[in-house]
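>>> sequence plus the predicted model coming up.
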Amino acid sequence: MTTPWHEELRHLAEVESPDSSAVTFYFQPETPQNASHREEAILVKDMVRDAIRKEERNGNRKTLRADLERIQEIGEMLHGNHSRAKAIFACADKKIWREFDLPALDGGTRIHVNSRFWLKPMAVAVLEVKHCLIALVDSEKARILDYYMGELTERERFEDDISRKVRSDGFGGLEAGHVERHVENDVMRHVKRVADRLFEIQSEKKIDCLMIGCRQEFWPDIEPHLHPYLKKSLVGRFNVDPGLATPQEIQEMASTLLAEIQLNEQQARVREVIGEAQRNGRGSLGLRHVITSLERGEMQTLLLGQNFSARVVQCTHCGHMDTRIVEKCAVCEHDTRHVDDVADALIGIALRMGVQVLHVDDEEFANAGNIGALLRFRADQNTAEKLAS
Ligand SMILES: [Zn+2]
């Protein structure tokens, strides 16, 4: 699935600044126990000042300096406004200034000046983010919330006040059993209304997953009313009293559940790639094989290990990448240039080709090269023959 984030990253990956004036700034607010706001402000200030000094020695380009100074100003303001991480991509030569608020970033606050933007931290933070719908339901009330990029927002709430209706109507002195059935019907109608509304939201908008929070004993009243499509995106439910749960509690439960789901997905994908690679099938492992698969257009999903980084050379003419640091391209014999972090180059190419990018933190995967890919096909194998067998 492509999101606006894919588009942004793809666009940023295409930027190349011949005089190395592409600035990437990541700001990760420190937790209060790790640093005081003051310390943090000083850290950002020093970091940017160092970058400016380094730049003064390297040619002192006015436009780059202006970008760095603007980042310094923003950095100073950020320490008061603590909630979110931030990324800034600036390249005055290319008239680019992009700012993004992000969920938590791995690796802390950093600044990077180079010929290309440093995309990996943002890619890690946004590419696999799921848009989650949360419904809190009891017999009279329902709250529907969105959980996206670490933020919880209430979308709507509604109430079918069943007990008041019983009290005010009194059901005209009907016997107790009859009243009970009336209440049961009203509860059922309320739940059905919630389920229908959830299905409507799911049909309007791309929702990656649904979570339902209710009291344990109420679940059997909800489940039969969920549309089969809705059930498919139901990833979990938690046992809460919807009337009592605080936003913090809901957020905690949602993020824990989501982290579990993502870890399971990651592990399943890692096992698939390793298994396929071992039996010489639709998997490739290790940088050299991954580059070959990407250049052959075989790739479906790129798996990047935590902290994976490597230097390669890239042909200035045909774009071929080589893990051996050679001066001439092995394909077309033109000059090559150094690529400091192949991870960023691979992310850029993958996004351009519509390849899914998945970050994994897995020991077995790290030992197997820390980079791999799931392939759509293998160009060096006779697919027709394979399919027939
Ligand atoms: Zn070449």
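Ah, there it is. Numbers count the residues shown, from 1 in each chain.
>>> right, and the helix or strand after the helix of greatest length in the chain?
Determined from DSSP state H, the single longest helix within the chain is helix 247-278. The helix or strand immediately downstream of helix 247-278 is strand 283-285, counting by DSSP states H and E.
>>> up against the ion, what does this structure have?
Taking CB under 5 Å from the ion as the contact definition, the chain meets the ion at 315, 317-318, 320, 329, 331-332, 334. To be clear about C-beta, it is placed using only N, CA and C from the backbone, and glycine gets the same treatment.
>>> which of the residues you listed are buried, as a PyMOL select command?
Filtering the residues of the chain next to the ion down to the buried ones (16 or more other CB atoms under 10 Å) takes a single PyMOL command:
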select buried, resi 315+320+329
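>>> D161: which of the residues of the chain next to the ion is nearest?
The nearest member of the residues of the chain next to the ion to D161, counting by CB to CB, is H320 at 68.4 Å.
>>> ranking helices and strands of this structure by mean pLDDT, which lands last?
Least confident helix or strand, the chain: helix 383-388 with a mean of 53, by mean pLDDT, DSSP states H and E.
>>> who touches stretch 265-280?
For stretch 265-280, the surrounding residues in contact (CB atoms under 8 Å, 6 or more residues apart in numbering) are 281-285, 289, 301, 303, 358, 360-362, 364-365, 368, 372-375.
>>> pull up the gap between the residue lying closest to D335 once chain neighbours are set aside and D93, please.
Closest residue to D335 apart from its sequence neighbours, by CB to CB, 6 or more residues apart in numbering: T316 at 5.3 Å. Separation of T316 from D93 (CB to CB, to the nearest Å) stands at 19 Å.
>>> who's in contact with F100?
8, 86-88, 122, 126.
>>> and the residues you listed, which of them are in helices?
If you go by DSSP H, the contacts of F100 have 8, 122, 126 in helices.
>>> give the full set of residues in contact with the second one.
What that stands for is M122. Counted by CB under 8 Å, 6+ apart, M122 has contacts 9, 26, 87, 100, 102, 105.
>>> the last one contacts Q28, correct?
Yes - judged on CB atoms under 8 Å, L105 makes contact with Q28 at a distance of 4.5 Å.
>>> overlap of the contact sets of these two?
A85.
>>> list the helices and strands whichever strand or helix holds L64 packs on?
L64 belongs to helix 62-78 when assigned by DSSP H and E. The helices and strands touching helix 62-78, judged by 3 or more CB pairs under 8 Å, 6 or more residues apart in numbering; DSSP states H and E, are strand 22-27, helix 37-57, strand 85-91, strand 96-102, strand 110-114.
>>> weakest of the ones you listed by average pLDDT?
When those are compared by mean pLDDT, helix 37-57 comes last with a mean of 80.
>>> what's the spacing between that helix and its chain's center?
Taking the mean of its C-alpha atoms, helix 37-57 sits 29 Å from the chain's own mean (CA atoms, centre = their mean, to the nearest Å).
>>> which other helices and strands contact it?
Secondary elements touching helix 37-57 (3+ CB pairs under 8 Å, 6+ apart): strand 22-27, helix 62-78, strand 110-114.
>>> okay if I get these as CSV plus mean neighbour count?
What follows is the helices and strands packed on helix 37-57, written out as CSV (neighbours: other CB atoms under 10 Å):
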stretch, mean neighbour count
strand 22-27, 25
helix 62-78, 17
strand 110-114, 18
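>>> tabulate these (TSV), appending distance to R193.
Output for the helices and strands packed on helix 37-57, formatted as TSV (distance: least, CB to CB, whole Å):
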stretch	distance to R193
strand 22-27	44
helix 62-78	44
strand 110-114	49
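>>> of the ones you listed, give the one that comes closest to A350.
strand 22-27 (18.5 Å).
>>> low-confidence stretches in the stretch 201-350 of the chain?
For the stretch 201-350 of the chain, no stretch has pLDDT under 70.
>>> out of the contacts of stretch 265-280, list just those in helices.
Reading helices off the contacts of stretch 265-280 with DSSP H, I get 289, 364-365.
>>> which among these count as buried?
289, 365.
>>> neighbours of E298, just the number please.
19 (other CB atoms under 10 Å).
>>> how much space between the nearest residue to it once chain neighbours are set aside and M299?
Among residues not flanking E298 along the chain, L375 sits closest, at 4.4 Å (CB to CB, 6+ apart). According to CB to CB, L375 stands 6 Å off from M299.
>>> one more: R324?
Counting by CB to CB - R324 and M299 are separated by 21 Å.
>>> these two: which is more packed in?
The residue with more neighbours, out of R324 and M299, is M299; 24 against 9, by other CB under 10 Å.
>>> surely Q314 touches R337?
Yes - between Q314 and R337 there is a contact under CB under 8 Å: 6.0 Å.
>>> so for the two, which sits in the more crowded spot?
Q314 (18 against 10).
>>> which ones are touching the more buried one?
Contacts of Q314 by CB under 8 Å, 6+ apart are 320-322, 336-337, 339, 345.
>>> and of those, the nearest to P224?
Nearest to P224 among the contacts of Q314, with distances taken as CB to CB, is A345, at 51.3 Å.
>>> the closest one belongs to a helix?
Yes - assessed by DSSP: H, G, I helix; E, B strand; the rest coil, A345 belongs to a helix.
>>> hang on, the earlier thing: ok, and which of the helices and strands packed on helix 62-78 has the densest surroundings?
Highest mean neighbour count of the helices and strands packed on helix 62-78: strand 22-27, a mean of 25 (counted as mean count of other CB atoms under 10 Å).
>>> neighbouring contacts of that strand?
So strand 22-27 is contacted by 15-16, 44, 48, 51, 64, 67-68, 71, 75, 78, 85-91, 94, 105, 107-119, 121-122 (CB under 8 Å, 6+ apart).
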